[in-house]
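Visitor: no sequence for this one, just the structure:
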């Protein structure tokens, strides 16, 4: 997980004609927290106002993910794990163990690539492939989709909808993928944006980030949960968080309510 660079945006514009580029990458503007929270609270993962959804990306990993499962057991917390398909099929027992311990699985793509060129057929096939793999390996059909790097393009949004998934990004993150992340920095970043009804993004592996950065996340996790509980907020997976019947909608320029729900 890493920020979307200005050079990446410029690359997309060069590779595509202007109109096609705007149609394809325009929804990726929802990567910006201000845009997402104000205009698309559902996409930001805004849910029950006394609850925090705890989510992890980029696993499963046989070294780090079991450590997170053990820590979450000790905290009495369940979470949603957005898994990468190619990692999931390499570690099927770990995927099943995650579900056995009461956690929820979401789709983070088959690979962890940047989607700058339109590829409707490829995106649809890869999202569907990951859904099938998660279902076949765990016995549970996933409900949620989060695109790699949080970059939502038109083709990936359509692919998720076609697969019956709801796209959810986040409202608070720990910037825990960097080499200089520490337990204190991860906790402080989450606390800065923590609001009741929010969705927290963390990572349970370093497959696509700085080597060993997951250790800062793991060490910060008990304090993050404590902060939520001291604020009177419960912590759990997305299926306990998002109100029944709520839906995502295609990211286009339109009005909406604020996602900063008081806690």
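Guide: Yes, it's here. Since the structure is predicted, the reported quantities are computational estimates derived from the model, not experimental observations.
Visitor: Any stretches of the stretch 1-150 of the chain with poor pLDDT?
Guide: 1-40, 115-118 (pLDDT under 70).
Visitor: Also the stretch 151-263 of the chain?
Guide: Across the stretch 151-263 of the chain (using pLDDT under 70), the flagged ranges come out as 244-263.
Visitor: any idea where the strands of the stretch 1-150 of the chain begin and end?
Guide: 51-59, 80-83, 104-107, 144-145 (DSSP state E, counting those that start in this stretch).
Visitor: how far away is the closest residue to residue 60 other than its chain neighbours from residue 241?
Guide: Spatial nearest neighbour of residue 60, excluding adjacent residues (CB to CB, 6 or more residues apart in numbering): residue 94 at 4.5 Å. All C-beta spots, glycine's among them, are computed from the backbone N, C-alpha and C. To residue 241, residue 94 is 24 Å away according to CB to CB, to the nearest Å.
Visitor: Mind jotting down where the strands sit in the stretch 151-263 of the chain?
Guide: Using DSSP E, counting those that start in this stretch, strands in the stretch 151-263 of the chain cover 166-167, 172-173, 199-203, 234-236.
Visitor: Can you say which of those strands is nearest to residue 53?
Guide: Smallest distance to residue 53 across the strands of the stretch 151-263 of the chain (CB to CB): 4.2 Å, for strand 199-203.
Visitor: angle of the closest one against strand 51-59?
Guide: On the basis of axes from the mean of the first three to the mean of the last three CA atoms, to 10 degrees, strand 199-203 is oriented at 30 degrees to strand 51-59.
Visitor: partner strands of strand 199-203, parallel or antiparallel?
Guide: Sheet pairing for strand 199-203, assigned by DSSP bridges, gives strand 51-59 (parallel), strand 172-173 (parallel).
Visitor: coming back round to it: more neighbours, residue 94 and residue 241?
Guide: Between residue 94 and residue 241, counted using other CB atoms under 10 Å, the more crowded position is residue 241 (23 against 19).
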